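K.L.:
Show me the folded form of this:
(chains A and B)
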There are 2 protein chains.
Amino acid sequence: MVTRTRLSQVLRAPSRRIGAIGSASIAPRMSISPVRCLATSAPKLLARSPAVQHLAKLTSETYPGLKRDDKFATLTADDVAHFKQLLGGEHAVIDGAKAAAEDDLKPFNEDWMHKYRGQSRLVLKPASTDEVSQILKYCNERKLAVVPQGGNTGLVGGSVPIFDEIIINMSRMNQIHSFDDVSGSLVLDAGVILEVADQYLAERGYIFPLDLGAKGSCQVGGNVATNAGGLRLLRYGSLHGNVLGMEAVLPDGTVMNDLCALRKNNTGYDLKQLFIGGEGTLGIITKLVIQCPQRSSAVNVAFFGLESYEKAQLAFREAKKQLGEILSAFELMDSRSQEIVHQIKGEDRPLEGEHPFYCLIETSGSNGDHDYEKLEKFLEDVLTKEIVIDGVVAQGESQAKALWSWRESITECIGHGGGVYKYDVSIPLAEMYTLVEDVKARMGELGLIGETEEHPVSAVVGYGHMGDSNLHLNVAVRRYDAKVEQALEPFVYEWIAKRNGSISAEHGLGLAKKKFVQYSRNDTVIGLMKQIKNLYDPNGIMNPYKYI
Amino acid sequence: MVTRTRLSQVLRAPSRRIGAIGSASIAPRMSISPVRCLATSAPKLLARSPAVQHLAKLTSETYPGLKRDDKFATLTADDVAHFKQLLGGEHAVIDGAKAAAEDDLKPFNEDWMHKYRGQSRLVLKPASTDEVSQILKYCNERKLAVVPQGGNTGLVGGSVPIFDEIIINMSRMNQIHSFDDVSGSLVLDAGVILEVADQYLAERGYIFPLDLGAKGSCQVGGNVATNAGGLRLLRYGSLHGNVLGMEAVLPDGTVMNDLCALRKNNTGYDLKQLFIGGEGTLGIITKLVIQCPQRSSAVNVAFFGLESYEKAQLAFREAKKQLGEILSAFELMDSRSQEIVHQIKGEDRPLEGEHPFYCLIETSGSNGDHDYEKLEKFLEDVLTKEIVIDGVVAQGESQAKALWSWRESITECIGHGGGVYKYDVSIPLAEMYTLVEDVKARMGELGLIGETEEHPVSAVVGYGHMGDSNLHLNVAVRRYDAKVEQALEPFVYEWIAKRNGSISAEHGLGLAKKKFVQYSRNDTVIGLMKQIKNLYDPNGIMNPYKYI
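P.N.:
The predicted structure follows:
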């Protein structure tokens, strides 16, 4: 067993770098798999949920209430011939009418969680804005429904068809056009993979202002279309501020060119904002200009234990105050989440003792020594004030990654016991964790949770991006049980609506949350949204059956 | 004469704080008027421009091509009686029909530069969202045109009527409703004065993510309606990222309540974004939720000279790289601007020698010692690399304010010689200063610029927020001359359009730039904007004759 030094002792020692405490204890004991650089295939760190199967059911069977809208035309051989001519052959058009084509279509028709499966017979892969424009113009005139598709890494079924919608896959529009290394503005195609863009920027000392687990597969156009939040929002803000310019194609083929690369441009309505988070229901984003910040040369990670959620809030407040401009992440984990990771991974925990709550802090700055000093002072302060009970600081990049890996593996480990009901929501910070407690209490009252097999629910777990008031409520189940679902919904949504929270913090509405949008938006706002949809897409061909 | 120490010598001295060099030279020699905390009346630091008179001409006379639209109804005694009943008497309604009422209406009809003057007979001052809603519903049904008005500090004539539009002044909606000192979200009325909001936040260790010269008079609702940029954009980003929630009243009286206080909310189109920079043409913003960052405890200011614009770009690049997260301003000034300030103020310059360009850098961070060390290292580096020729660092708050005052007084000093043609524009950084050179060359070729009285133009000056690619091109004239105007327009706008710049970086379109919008937006985008306007305001009653 490795000797362990308490943070309180270390902080009193003369060593300037408290990170030294981590070097003996963390590195050899935790798996040091890279975090936030997941495989270039689809992201894997996700739980098996009750609806997940390895061969997805057709969405039309999972949602029997959904019916194909008769206003849409049915694909003909003439249509396929037209598209083949337009896009130039086999590479651009996969025709489900051919024998053995079913397998070719499968990855486009199905989401990566195997939760949603559509029945499209045609995938189009345009290579230019003009091709996107011609495709949409044709589809709009013919009333052929379409689904825009980026990396297909979403969680709410927004990027796959329900019925026979034509899939417009953006992967061939993957060029980085230019980068201004004085202003930091990056011009690139919508189909560029996020990690490719970030790597391009890393070589130039810059960083993409967005980071998320699926970075190896997701495309920047899809990120913007779903207004992805991710890990860097606390530091760099949302895409509504970081997207400087956009080119998008409207359903009638009109190209909206607003590729402004300037931070200040006050000349009329900022229409591109409607496409940020529009989930492909107004048009297809084809190019983007992104404001990219300088990459921080120094990154530090600390992990600590706390005795209550109130203390976690105090720690967050102090971190914002004392770490200020270098704070880049503040993550919360409850004790149950840590027990599960410990059990499933069979590895020692970052801290020896057990605590009701844990936080992970990341700092990113331009001067490693300064940042260490600030972090040290902060930790000494929260320890002295008894806000924090115990903690470690990663020494070096591999230990930092190990701590991040521990945090990120919660999602994967929770799924090992059967299935998980997952809610990714925003709640005002003061009450954020109360949702977990209330759901746990409700499961207890209804006799649904327990240690033994007769109880469907094995655990109610809470963790998430505390810096963004973004909670991941996970209800781990031994098996699918309608009683659990009935106990959860609409209970969870009503609970959130009462606190003016958001039922979808990060993943959008898609198909999964379409019917719950009224818990986060009132009828007036929903009505105004529908006006916008009708204005831009009067035939309703863009990503139908979803969103609002 | 005060002895002066060159930065190069100071940097080699053992003193840890290079700021010491400033203490002897700057403080006693520069006026230490507070910067960025201008008077609580209208902002004063602005030039007399050719169109400025102390009794403004009626806008309808200045723009004889503009005609009152007959589709709008004319105010009747019944209308006035209705509003008096609704808002409760004299305090809420100023009725121009009464004798001696002309003077009461003047400050509402006229902009603070005395450049635009409307002919409204009625000012309404609602005190609640419901009152705003009832006013607009009535006006929309009666087809009475209206102008929303905040602090009336704009530069483009957007907040005053042209003809007899009813003025809806928001100053009575001035409550701060709540502040969450953990998340930093502030809920307040649209009519709260920016400085009042910032002071409220300062007492709680937070800062409003927007700062501008007119902070003592402007209202946050107007700031958002005009998408104000200002001094903190480089650090905190634009209002598109910092406005978390909004309540606005549409022309038909519908209240759009989207007062979300969360950083992550992905549930449908982000409609509030259309009102950010919408200049009151879609509705009236009544309440806001703003994401406020922690206030930095340490602020440092440095001022230095450079031999070329290329070196200024290099300095900016290095500042971003080395100062990273603490850089909060990077301002550019050319030599002509400094000559003028020196002549008019009769004070010594911050630096002894003369240089082709000058930059002012501000850092804001949580640890003064760390920030000084970074700044010292940066300055040593740019001096060693001969990017910078000379420089001083302010020692203490009053010197920092003095340097800011020197920078900010450019605008005022340029106006002393007669008038100024002012262009506040965005241009990609590499070519930003070329506009000043090209305009100067054009004035020379046309024989319009010279030292003697027969030349109308006395100077072509460039300065601005380099960190945001935001140039202030000022053409100082001895007298108004149509030849100068013809030489400038559309030359300047065409020049900017060729480089994909923006003809309005900060101040919006209003009346002043309505007819030039096509230089920054293509016909397709302008057409789409008009669609949005028609959707929300089919009767066109909101702020007519302006914007697009």
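K.L.:
going forward, measure contacts and count neighbours with C-alpha atoms only.
P.N.:
OK.
K.L.:
Excluding chain neighbours, give the residue nearest to the residue in the stretch 101-250 of chain A that chain B sits nearest to in space.
P.N.:
Taking C-alpha to the nearest C-alpha as the measure, the stretch 101-250 of chain A has A:Gly241 as its residue closest to chain B, at 4.2 Å. For A:Gly241, the nearest residue in space outside its immediate sequence neighbours is B:Gly241; the separation is 4.2 Å by C-alpha to C-alpha, 6 or more residues apart in numbering or on different chains.
K.L.:
what about the one you found, how many residues close to it?
P.N.:
Burial of B:Gly241, expressed as a neighbour count using other C-alpha atoms under 10 Å in any protein chain shown, amounts to 20.
K.L.:
Hmm, A:Tyr236 and it touching each other?
P.N.:
No: the pair formed by B:Gly241 and A:Tyr236 falls short of the contact definition of C-alpha atoms under 8 Å, at 9.7 Å.
K.L.:
Helix, strand, or coil at A:Gly391?
P.N.:
Taking DSSP: H, G, I helix; E, B strand; the rest coil as the rule, one finds A:Gly391 in the strand state.
K.L.:
Please name the nearest non-neighbouring residue to it.
P.N.:
Once its chain neighbours are removed from consideration, A:Gly391 has its nearest residue in A:Phe304; the separation is 3.8 Å (C-alpha to C-alpha, 6+ apart).
K.L.:
Remind me which helix or strand that neighbour belongs to.
P.N.:
When elements are defined using DSSP states H and E, A:Phe304 is found to belong to strand A:298-306.
K.L.:
what mean pLDDT does that strand have?
P.N.:
What strand A:298-306 shows for mean pLDDT is 95.
K.L.:
Can you spell out which helices and strands pack onto it?
P.N.:
For strand A:298-306, the contact count by 3 or more C-alpha pairs under 8 Å, 6 or more residues apart in numbering or on different chains; DSSP states H and E identifies strand A:357-365, helix A:368-384, strand A:390-393, helix A:397-414 as packing neighbours.
K.L.:
ok, it: who's next to it in the sheet?
P.N.:
According to DSSP bridges, strand A:298-306 forms sheet pairs with strand A:357-365 (antiparallel), strand A:390-393 (antiparallel).
K.L.:
Who is the residue nearest to A:Gln291 when sequence neighbours are not counted paired with across the strands?
P.N.:
The shortest distance from A:Gln291 to any residue other than its chain neighbours is 4.7 Å, reached at A:Ser185 (C-alpha to C-alpha, 6+ apart). Going by DSSP bridges, A:Ser185 is paired in beta bridges with A:Asp180, A:Gln291.
K.L.:
Now do A:Ser185 against A:Arg117, distance only.
P.N.:
A:Ser185 is 38 Å from A:Arg117, where distance means C-alpha to C-alpha, to the nearest Å.
K.L.:
Likewise for A:Glu247?
P.N.:
Using C-alpha to C-alpha, we find A:Glu247 at a distance of 30 Å from A:Arg117.
K.L.:
Can you pick out the residue with more neighbours from the two?
P.N.:
Neighbour tally, A:Glu247 and A:Arg117, criterion other C-alpha under 10 Å: the higher count belongs to A:Arg117, 26 against 21.
K.L.:
In this structure the more buried one contacts A:Leu105, no?
P.N.:
No: between A:Arg117 and A:Leu105 there is no contact, the gap being 10.7 Å when judged by C-alpha under 8 Å.
K.L.:
Pull the residues that contact stretch A:450-457.
P.N.:
Outside stretch A:450-457, the residues within contact range by C-alpha atoms under 8 Å, 6 or more residues apart in numbering or on different chains are A:443-444, A:447-449, A:458-459, A:475-481, A:484.
K.L.:
in the helix or strand A:Thr524 falls within, what's buried?
P.N.:
Element membership of A:Thr524 [criterion: DSSP H and E] is helix A:523-536. Judged by neighbour count using 16 or more other C-alpha atoms under 10 Å in any protein chain shown, the buried positions of helix A:523-536 are A:525-526, A:528-529, A:532-533, A:535-536.
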